[in-house]
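Participant: curious how this folds, go ahead:
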Amino acid sequence: MSAALEQEWKSLYLLALSRSHSLEPTKERFASMTRDQISDFLKLIEEFVKRFYEEGPGAVGQDLEQGAKLMEVELEEVNPHLRGGRVENRLGKTIPSSPDRDSNLDLTVLSSRTQHDKRSYTVLFKDMEEKRSDLVNAEMLFDIPLADYSPFLKAAAEMSHLEAIYAIYRAQK
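Facilitator: Numbering: from 1, shown residues only. Below is the predicted model:
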């Protein structure tokens with residue numbers, strides 16, 4: 001009985017090693033795609049956080065009325081990452097992120113000429129947090145060093161505080 005179990009274990013172990021070895025190129029391909037997505041997303045975060053601090057609801061100083069308006073207004077934001085990763089040119093055709101990549105891979109791109117989404121800061125932060133969470137999970141899955149999302153996390157925390165402030169302001173108004 002134990003000899004048969006040992007033989008089955010060895011067979012299963014060798015099968016797992018073989019499968020792992022055969023999947024290594026696929027894993028590396030997905031890891032490379034994930035690194036590209038992370039790089040693009042970090043650029044998007046940098047642009048978004050800069051805009052948030054310069055034009056967002058916290059940039060109005062003591063003018064709470066203006067800040068409250070900014071909390072509710074829909075923004076135009078360059079955000080291909082949150083549209084499923086596709087970027088469309090001016091003719092509405094999907095374009096690959098670079099000429100040497102397969103256009104069917106649905107890779108993300110950051111471009112100032114992409115179509116714009118109209119969303120509030122609250123929705124944008126929520127969507128970007130979902131994307132960040134997905135990328136962190138992918139980083140762990142593919143053993144990629146974790147990227148530094150701290151500027152986004154700091155801005156998201158500030159946005160959370162601003163939501164509370166403006167909720168109180170609207171209630172007292």
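Participant: contact partners for Pro145?
Facilitator: For Pro145, the contacting residues are Glu139, taking C-beta atoms under 8 Å, 6 or more residues apart in numbering as the criterion. To be clear about C-beta, it is placed using only N, CA and C from the backbone, and glycine gets the same treatment.
Participant: phi, psi of it?
Facilitator: Here is the backbone geometry of Pro145 (degrees, to the nearest 10): phi -60, psi 140.
Participant: now swap in Ile144 and tell me
Facilitator: Taking degrees, to the nearest 10 as the convention, Ile144 sits at phi -90, psi 140.
Participant: span of stretch 131-149 from start to end?
Facilitator: From the first residue to the last, stretch 131-149 extends over 11 Å; the measure is C-alpha to C-alpha, to the nearest Å.
Participant: how about it, which residues are buried there?
Facilitator: Taking 16 or more other C-beta atoms under 10 Å as the basis for neighbour counts, the residues of stretch 131-149 that come out buried are 131-132, 135, 138-139, 144, 147, 149.
Participant: element containing the residue most central in space within the chain, please.
Facilitator: When the chain is reduced to its mean C-alpha position, the closest residue under C-alpha atoms, centre = their mean turns out to be Lys131, at 3.0 Å. Taking DSSP states H and E as the criterion, Lys131 maps to helix 121-141.
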